[in-house]
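take this sequence and fold it.
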Amino acid sequence: MKTSTDAQPASPPEPADRALIEALRSGDPGAYEELLRTHGGRLLAVARRLLSNEEDARDAVQEAFLNAFKNIDRFEGGSLLSTWLHRIVVNVSLMKLRRRKRKPEESLDHLLPTFNDKGHFVERFASTDEPVDERLSRLEDQAAVRAAIDQLPEQYRTVLLLRDIEGMGTAEVAEELGITANADKLRLHRARQALRTLMAPRLQGTGS
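Numbers count the residues shown, from 1 in each chain. Model prediction:
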């Protein structure tokens, strides 16, 4: 598993980022305040999605910023500062999920497509493999989608959020969660199907 301080390959830091990084490394108190003010809200939203608990989400963001402060000298500038911080808060959130009392794996069978009396496959939508963020962009009430995602069992909800909302790849998510790439793909596919079942009335109302 990658550590939370690994730099992620992406665009190089912008000039504003470079100035902020240098100020952080020099111990400028104002720089810490700017970092919190600039990135705190977005990182809290990420933690909330993954943890579904306000207190845990705030703890995760606080821990993530502490990790960033302590390891700013290890930030090599291979990515945007926001990308680096995002990865840290995702890793901290996943560690919190792993520390939670493990629950028996819940079934999604009642939310998956079925077969009719003639043995034909019953599917409510044309595609079961459309990323959730694409569907979200076409819905007016995103809160309804968030609420539906929260109804998914944790192991499916986590994969769905990491893949479709946070934009992580199959291999990366599999490594972070300690599962195989095939297991990641299966969980994502089943989570998307289940989400579509939960959102069926509203999705059909969009005319898609």
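
in this protein, which spans are strands?
Assigned strands in the chain, in chain order: 114-115, 121-122 (criterion: DSSP state E).

which ones are touching the closest residue to Val159 other than its chain neighbours?
Sequence neighbours aside, Arg187 is the residue nearest to Val159 in space, at 4.3 Å (criterion: Cβ to Cβ, 6 or more residues apart in numbering). From N, CA and C alone the C-beta is placed, and that goes for glycine too. Counting by Cβ atoms under 8 Å, 6 or more residues apart in numbering, Arg187 makes contact with 155-156, 159-160, 179.

any figure for the gap between Arg187 and Pro153?
10 Å (Cβ to Cβ, to the nearest Å).

now the longest helix anywhere in the chain: buried residues?
When the chain is parsed with DSSP state H, its longest helix is helix 29-51. Neighbour counts over helix 29-51 (16 or more other Cβ atoms under 10 Å) mark 31-32, 34-35, 39-40, 43-44, 46-51 as buried.

for the record, mean pLDDT for that helix?
Helix 29-51 shows a mean pLDDT of 92.

tell me what that helix is packed against?
Helices and strands touching helix 29-51, by 3 or more Cβ pairs under 8 Å, 6 or more residues apart in numbering; DSSP states H and E, are helix 15-25, helix 54-70, helix 81-99.

what about dumping the CA coordinates of the second one to CSV?
As requested, the backbone C-alpha atoms of helix 54-70 are provided in CSV (Å, rounded to 0.1, in the frame of the first residue of the first chain):
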residue,chain,number,x,y,z
GLU,A,54,-19.6,14.0,10.4
GLU,A,55,-17.4,13.5,13.4
ASP,A,56,-15.3,10.8,11.7
ALA,A,57,-15.0,13.0,8.6
ARG,A,58,-13.7,16.0,10.6
ASP,A,59,-11.3,13.8,12.4
ALA,A,60,-10.0,12.4,9.1
VAL,A,61,-9.5,15.9,7.7
GLN,A,62,-7.7,17.1,10.8
GLU,A,63,-5.4,14.0,10.7
ALA,A,64,-4.8,14.5,7.0
PHE,A,65,-3.7,18.1,7.5
LEU,A,66,-1.4,17.1,10.4
ASN,A,67,0.1,14.4,8.1
ALA,A,68,0.6,17.0,5.4
PHE,A,69,2.1,19.6,7.8
LYS,A,70,4.6,17.0,9.1
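
what about the protein, any weak spots by pLDDT?
Low-confidence segments of the chain (pLDDT under 70): 1-14, 101-141, 201-208.

out of the contacts of Arg187, who's nearest Ser79?
Nearest to Ser79 among the contacts of Arg187: Val159, at 23.3 Å, using Cβ to Cβ.

wait, what's in contact with the closest one?
Val159 is in contact with 173, 177, 184, 187-188, 191, counting by Cβ under 8 Å, 6+ apart.

what backbone torsions are found at Glu76?
Main-chain torsions, Glu76, degrees, to the nearest 10: phi -90, psi 0.

okay, domains of this structure per the record?
What automatic domain parsing lists as the domains of the chain is 15-99, 109-205.

picking up where we left off before, most packed of the helices and strands packed on helix 29-51?
Neighbour counts (mean count of other Cβ atoms under 10 Å) averaged over each of the helices and strands packed on helix 29-51 peak at helix 81-99, with a mean of 20.
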